[in-house]
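In: please work out how this folds:
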Amino acid sequence: MTTPAAKLGYAPRNALNADALKAAIAARSRTRGDNEAVRAWLLNHFYRHVVANFEPARPIESIDDARDALGDASVPAWVHARFGTPRKVACDDPAHVVWVDPNAPQLLMLEARLVEFLESRTGTSLDGKLDRINCPQALALWEKEHARIATRLERGWRESQPDALVEWLSTPNGRFVELRPDGALLRAEMAFETYVMRHCLGQFADRQALTGGYGERYAEAIEAKRLRLFSFRDMQGQPHITISLIVRAGGKPEVDQVKGKQNRPPIARYVDDLLACLNALDTNDETPPDCVAIGIVRTELDWRRIEDVTDAASQARLIGLYPQLFVRLATPTPAVEWLVAARQPELLRGRQTARSPSVRYAVRDGAPGSEAAFCTEGVSWPGLDAAEVQALQAARTLS
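Out: Next up is the predicted model:
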């Protein structure tokens, strides 16, 4: 344990084998390949901490204790001076003397923990300023950081692991990766995806064992290769889109879900990246509701934005399935306008006017008894000439 003084810095203590301690720390640092800043910190602050604060340490209270600890090595002159002279009053007692095993398991574990801390500061605001942080302060920061990680783990957080992923497609804004179905890291990667994206795909009932809950159902389907899971990661490796794909035996895969963060549609910035991925996957002709919400559809040719669907057959098929998307068509064909006029004419009014004169006439708003109720607006109607229109108008007036 450390003394109260050691909590703030380094306690007054001497190490009988100080040189051996420093040499062992330096040798391990060279073997690991630590950079110069890390090695300098270890040989300064970590070494001083081991000498001053590390436990367990063997107390040295006599020359005999020193000889027993040092073995064949000679006892330093300062030790003879220290223990060969009667002690003065307590207030003048010199610092304690200890012997520390340079390869004690607790020491090696502590050193590894601190090297992890130092390496994690590379590229941060503390880079180049490590010498200002003493060892107890570094240990306090490490404890605080890992307490925060433990809390996040309880909430389902995991770190992304490259070995859990297969590169699929690079795009201007990032890359699509597939989660490996047969790896031990699948569930942890699912938990990472869900923690960042805030959806249920990797939400396990037991967040430590990664079992149960929504995550179990999805994990089992992926492991059985009934489902494929893709993630769009930006240049920093952060997820922005999650795609699940149903595997169809003997046929093309089917898009199941496409989720942005918090189960919302992906942001507009990444729609082109998403289209590139879906077209590379060569899916079947089904368009799930998630894609409709985004404003993209599967045509007979490819995936594209609804605004880019221009041929009559594709438009008719699209609006037949999703009439609400009519308002997003840039140039609807007359056939599609008639289809909408028959099913949901209010959608035509939402566009202010139909492109086809005949459709405009059919869905016009005319006040009862007004001339507009029979006005053809320049539209040629088979079997209805001007005289017949006048007759209808007259009949309407008399009634």
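In: spit out the contact partners of L245.
Out: L227, R228, L229, F230, P253, E254, V255, D256, L281, T283 (C-beta atoms under 8 Å, 6 or more residues apart in numbering). To be clear about C-beta, it is placed using only N, CA and C from the backbone, and glycine gets the same treatment.
In: would you confirm that the fifth one contacts N284?
Out: Okay, so that is P253. Yes: the pair P253 and N284 passes the contact test of C-beta atoms under 8 Å, sitting 7.0 Å apart.
In: out of these two, which sits in the busier spot?
Out: P253 (16 against 13; other C-beta atoms under 10 Å).
In: what's the end-to-end length of stretch 286-299?
Out: 9 Å (C-alpha to C-alpha, to the nearest Å).
In: flag every buried residue along it.
Out: Buried residues in stretch 286-299, counted by 16 or more other C-beta atoms under 10 Å: T287, P288, D290, C291, V292, I294, I296, V297, R298, T299.
In: can you give the domain ranges for this structure?
Out: Following automatic domain parsing, the chain resolves into domains at 4-154, 162-291, 309-363, 366-398.
In: least trustworthy helix or strand in this structure by mean pLDDT?
Out: helix 4-8 (a mean of 48; mean pLDDT, DSSP states H and E).
In: residues in contact with the helix or strand that that helix is followed by?
Out: Next along the chain after helix 4-8, taking DSSP states H and E as the criterion, comes strand 13-15. The contact list for strand 13-15 (C-beta under 8 Å, 6+ apart) reads 21, 50-53, 57, 94-100.
In: apart from its chain neighbours, what residue comes closest to A280?
Out: Computed as C-beta to C-beta, 6 or more residues apart in numbering, the closest residue to A280 that is not its neighbour in sequence is L169, at 5.3 Å.
In: D273 too?
Out: D273's closest residue in space is T171 (C-beta to C-beta, 6+ apart), at 4.1 Å.
In: with D285 instead?
Out: Here the residue nearest D285, using C-beta to C-beta, 6+ apart, is R298, at 5.4 Å.
In: test my guess that the one you found contacts E286.
Out: Yes: checked against C-beta under 8 Å, the pair R298 and E286 is within contact range at 6.6 Å.
In: need the residues touching each of the two.
Out: V255.
In: how close does R121 sit to I133?
Out: Note on R121: its distance to I133, by C-beta to C-beta, to the nearest Å, is 9 Å.
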